[in-house]
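Peer 1: Sequence plus predicted model, see below.
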Amino acid sequence: MRIETRRLLLRPLEEADFSALQKILGDPQVMYAWEHGFGDAEVRDWIARSRARYAREGAGHLAAIERTSGDFVGTIGPVWEPMGSREAWSVGYILRRDRWGEGFAREGAAACVRHVFEALGAPEAAADIRPENAASRRVAAALGMEEAGAFVKIYRGKEMPHLIYRITKERYESMKRERGNIYAEI
């Protein structure tokens, strides 16, 4: 699975990505939604689980590589996951802190939403976001996702509230036709 945008190449994570990914997932400021930076074993597990998802589901977290520089800027991808009482294709994005604010999350997530609808044939795409994560909520809104509920994830024995953002295929198609839409930029 490879997805290309104007500035990004999204490709499957590889074992060789460990060092670059560890710098991102190991950063407690980047991983504040998880409330801790990941250790080496957790980063290796992230890669292994992502690779298993590619085989099982045909998608998962991908390495986000800046096309002009070859720089590993983060991980972005569609992941099949539970959201409250149902499962959905959730678009996730985690970027290096020094690359925040450059529009990579929006660009990569938009390409993943497109992939969910056009390649995976799903009727909707979603994102689960911690309520205090204003930047991710803005990305979801820019993609045309609307808040559609909430649920609580249990992570390391702790309850972590999440908001659910969704966009239907019909809304996506409508936004694609609108002039200046994010989906026309990628």
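Peer 2: Everything's here; your move. Numbers count the residues shown, from 1 in each chain.
Peer 1: switch to C-alpha atoms for all contacts and neighbour counts from now on
Peer 2: OK.
Peer 1: Helices of this structure, residue ranges please.
Peer 2: Taking DSSP state H as the criterion, the chain carries its helices at 18-25, 40-57, 104-118, 134-142, 169-177.
Peer 1: Can you lay out the ones you listed as JSON lines showing mean neighbour count?
Peer 2: As requested, the helices of the chain are exported to JSON lines (neighbours: other C-alpha atoms under 10 Å):
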{"stretch": "helix 18-25", "mean neighbour count": "20"}
{"stretch": "helix 40-57", "mean neighbour count": "16"}
{"stretch": "helix 104-118", "mean neighbour count": "23"}
{"stretch": "helix 134-142", "mean neighbour count": "17"}
{"stretch": "helix 169-177", "mean neighbour count": "15"}
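Peer 1: Using TSV, please lay out the ones you listed together with mean pLDDT and distance to residue 156.
Peer 2: Shown next, in TSV, are the helices of the chain (pLDDT from 0 to 100; distance: least, C-alpha to C-alpha, whole Å):
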stretch	mean pLDDT	distance to residue 156
helix 18-25	98	16
helix 40-57	96	13
helix 104-118	95	26
helix 134-142	95	22
helix 169-177	91	34
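Peer 1: Of those, which is nearest residue 70?
Peer 2: Nearest of the helices of the chain to residue 70, taken as C-alpha to C-alpha: helix 18-25 at 11.9 Å.
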